[in-house]
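Novice: with the input below, show me the fold.
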Amino acid sequence: MTAVRTNKDLLLKGVKHFAYTIVLMFTAPIVLWQAFKNQEHAFYIPVLIVGIILAIAAIAMGFYSVQLIMNALFNSSKKNK
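Specialist: Alright, predicted model coming up:
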């Protein structure tokens with residue numbers, strides 16, 4: 001039985017994606033808050049749409065980065081399947 005080792009390159013990629021996720025997790029609520037604070041402004045709808053897109057991207061990046069880290073830890077790459 002061979003020892004299972006962590007794929008360090010994939011783990012580093014997952015940690016980088018977590019950093020992007022954290023940035024998005026702070027940026028999205030701030031943009032949404034600015035949109036709702038200025039509802040009478042002409043750019044209310046575009047800023048609201050950008051905030052919603054950032055929030056969805058934060059959720060998606062969170063799932064993707066967790067998937068990358070799990071694949072790095074348990075060596076379940078798509079090439080082996």
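Novice: hey, let's count contacts and neighbours off CA atoms from now on
Specialist: OK.
Novice: list the contacts for the residue nearest to the spatial centre of the chain?
Specialist: The chain has Met61 as the residue nearest its centroid, 2.1 Å off, counting by CA atoms, centre = their mean. Applying CA atoms under 8 Å, 6 or more residues apart in numbering, one finds that Met61 lies in contact with His17, Phe18, Tyr20, Thr21.
Novice: which one of those residues is nearest Gln34?
Specialist: Thr21 (20.1 Å; CA to CA).
Novice: so where does the closest one fall, helix or strand?
Specialist: Applying DSSP states H and E as the criterion places Thr21 in helix 8-37.
Novice: how far off helix 8-37 does the helix or strand following that helix point, in degrees?
Specialist: For helix 8-37, the following helix or strand on the C-terminal side (DSSP H and E) is helix 44-74. Taking axes from the mean of the first three to the mean of the last three CA atoms, to 10 degrees, one finds that helix 44-74 is oriented at 160 degrees with respect to helix 8-37.
Novice: below-threshold pLDDT in the chain: ranges please.
Specialist: Judged by pLDDT under 70, the chain has its weakly predicted residues at 1, 77-81.
Novice: scan the contacts of Met61 and report the most crowded one.
Specialist: Thr21 (23 neighbours; other CA atoms under 10 Å).
Novice: surely that one touches Ala58?
Specialist: Yes. With contact taken as CA atoms under 8 Å, Thr21 and Ala58 are classed as touching, separated by 5.3 Å.
Novice: could you give the number of residues near Ala42?
Specialist: Other residues near Ala42 come to 9 when the count uses other CA under 10 Å.
Novice: so Ala3, which state does it fall into?
Specialist: coil (DSSP: H, G, I helix; E, B strand; the rest coil).
Novice: need the contact list for it.
Specialist: Here Ala3 is in contact with no residues (criterion: CA under 8 Å, 6+ apart).
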